[in-house]
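J.: got a predicted structure plus its sequence, pasted below:
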Amino acid sequence: MSVSTVTYTFLGPEGTFTEAALLQVPGAADAKRVPCSNVNTALDKVRNGEADAAMVPIENSVEGGVTATLDSIANGPELRIIREALVPITFVLVARPGVEISDIRRISTHGHAWAQCRIWIDANIPDVEYVPGSSTAAAAMGLLEDDAPYDAAICAPLIASEQPGLNILAENIGDNAEAVTRFILVSRPGALPERTGADKTTVVVPLPEDHPGALMEILDQFATRGVNLSRIESRPTGLYLGHYFFSIDADGHASDARVADALAGLHRISPATRFLGSYARADKQSAVVAPHTSDAAFKSAHAWVDSILNSQP
Ligand SMILES: O=C(O)C(=O)C[C@]1(C(=O)O)C=C[C@@H](O)C=C1
């Protein structure tokens with residue numbers, strides 16, 4: 001794929017934190033970028049071949065998993081995560097010129113952004129009503145419409161400073177100054193990104209039913225092979241009450257022997273386990289590998305078993 005022919009979808013409109021994440025991808029600034037109004041649409045355009053890859057949010061350091069993304073990549077035709085990006089998150093409160101904080105009755109933003117600004121809102125505009133928005137940027141741009149059903153929006157500083165019709169009323173209103181959102185670049189299944197030594201593997205594991213201790217067995221597949229988990233969360237499958245899958249990020253690449261062995265174990269316990277990709281960690285932190293779970297240890301163990309099986313009388 002030459003850079004100019006690549007098409008990326010992302011959670012739009014222009015000016016979202018998701019677009020900032022996409023612009024971290026080499027060549028994305030010159031590629032075709034298609035904003036989508038929700039995560040599902042961005043991913044479906046990859047599934048049906050309209051786009052080569054989609055950038056979507058998956059996890060925020062304050063608010064946790066982005067359920068729209070976790071559910072969409074767990075279902076439907078398979079997709080693969082090929083890259084991750086981290087974006088520091090800071091929020092501003094914006095309104096049309098002339099509107100003061102004391103005038104604000106209704107605020108719109110993305111649900112995750114709203115959840116990250118609770119303390120400031122409770123302290124400064126406690127009785128305000130929340131109007132859900134499809135993204136922070138969509139909420140801010142909506143203020144420019146004559147019939148906007150809200151008087152203020154919470155969004156990224158960049159979009160606020162670039163729009164002449166928007167006035168910043170308060171800066172740094174997030175509850176946590178260190179907040180970071182993690183985004184994933186998702187493509188159709190293909191060759192895995194190469195192992196870098198600082199990688200992450202993502203899987204979706206449906207919890208087998210009528211199987212006492214299944215969660216413990218799933219976790220054991222990682223623990224006994226010395227594979228550290230950096231995220232695990234459960235989501236309802238939507239089929240019926242009590243039916244769940246686990247979305248898991250593990251340190252390492254599928255080509256690391258300990259990770260490959262853990263994946264095989266997961267498949268035995270839950271055959272519908274979905275592999276979502278192995279890709280380089282954005283923070284470049286290498287996994288700590290104990291000597292007995294290194295590739296060399298697995299190789300020598302397999303060679304030992306082979307020697308037993310092949311031994312002649
Ligand atoms: O609305 C945006 O700007 C987004 O990119 C979405 C999103 C999210 O889903 O978490 C991204 C980062 C912030 O945490 C708030 C909203």
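T.: Looks like it arrived, so ask away.
J.: now do the contacts for the most centrally placed residue in the chain.
T.: Centroid-nearest residue in the chain, with C-alpha atoms, centre = their mean: I58, separated by 1.7 Å. I58 makes contact with G65, V66, T69, L70, E84, R182, F183, I184 under the criterion C-beta atoms under 8 Å, 6 or more residues apart in numbering. No exception for glycine: its C-beta is placed from N, CA and C like everyone else's.
J.: closest one of those to the ligand?
T.: The ligand lies nearest to V66 out of those, by C-beta to the nearest ligand atom, at 4.7 Å.
J.: now do the SS call for the closest residue to the closest one other than its chain neighbours.
T.: Nearest non-adjacent residue to V66, counting by C-beta to C-beta, 6 or more residues apart in numbering: P57, 4.6 Å away. Counting by DSSP: H, G, I helix; E, B strand; the rest coil, the backbone at P57 sits in strand.
J.: follow-up on the earlier one: the contacts of I58: which ones sit near the ligand?
T.: Near the ligand, judged by C-beta under 6 Å from any ligand atom, the entries from the contacts of I58 are V66.
J.: secondary structure, neighbour count and pLDDT for the contacts of I58 - can I get that in JSON lines?
T.: Formatted as JSON lines, those follow (DSSP: H, G, I helix; E, B strand; the rest coil; neighbours: other C-beta atoms under 10 Å; pLDDT from 0 to 100):
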{"residue": "G65", "secondary structure": "strand", "neighbour count": "20", "pLDDT": "95"}
{"residue": "V66", "secondary structure": "coil", "neighbour count": "23", "pLDDT": "96"}
{"residue": "T69", "secondary structure": "helix", "neighbour count": "23", "pLDDT": "98"}
{"residue": "L70", "secondary structure": "helix", "neighbour count": "21", "pLDDT": "97"}
{"residue": "E84", "secondary structure": "strand", "neighbour count": "23", "pLDDT": "98"}
{"residue": "R182", "secondary structure": "strand", "neighbour count": "22", "pLDDT": "98"}
{"residue": "F183", "secondary structure": "strand", "neighbour count": "28", "pLDDT": "98"}
{"residue": "I184", "secondary structure": "strand", "neighbour count": "28", "pLDDT": "98"}
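J.: just the contacts of I58 now: which is nearest S286?
T.: E84 (15.3 Å; C-beta to C-beta).
J.: that closest one contacts K200, doesn't it?
T.: Yes: between E84 and K200 there is a contact under C-beta atoms under 8 Å: 6.9 Å.
J.: what sits in contact with each of those two?
T.: With C-beta under 8 Å, 6+ apart as the test, E84 and K200 both reach Y279, A280, R281.
J.: which of those residues sits closest to A287?
T.: Once C-beta to C-beta is applied, the member of these that ends up nearest A287 is R281, at 8.9 Å.
J.: so who does that closest one touch?
T.: E84, T196, A198, D199, K200.
J.: buried ones among the residues you listed?
T.: Neighbour-count burial (16 or more other C-beta atoms under 10 Å) applied to those gives E84, A198, D199, K200.
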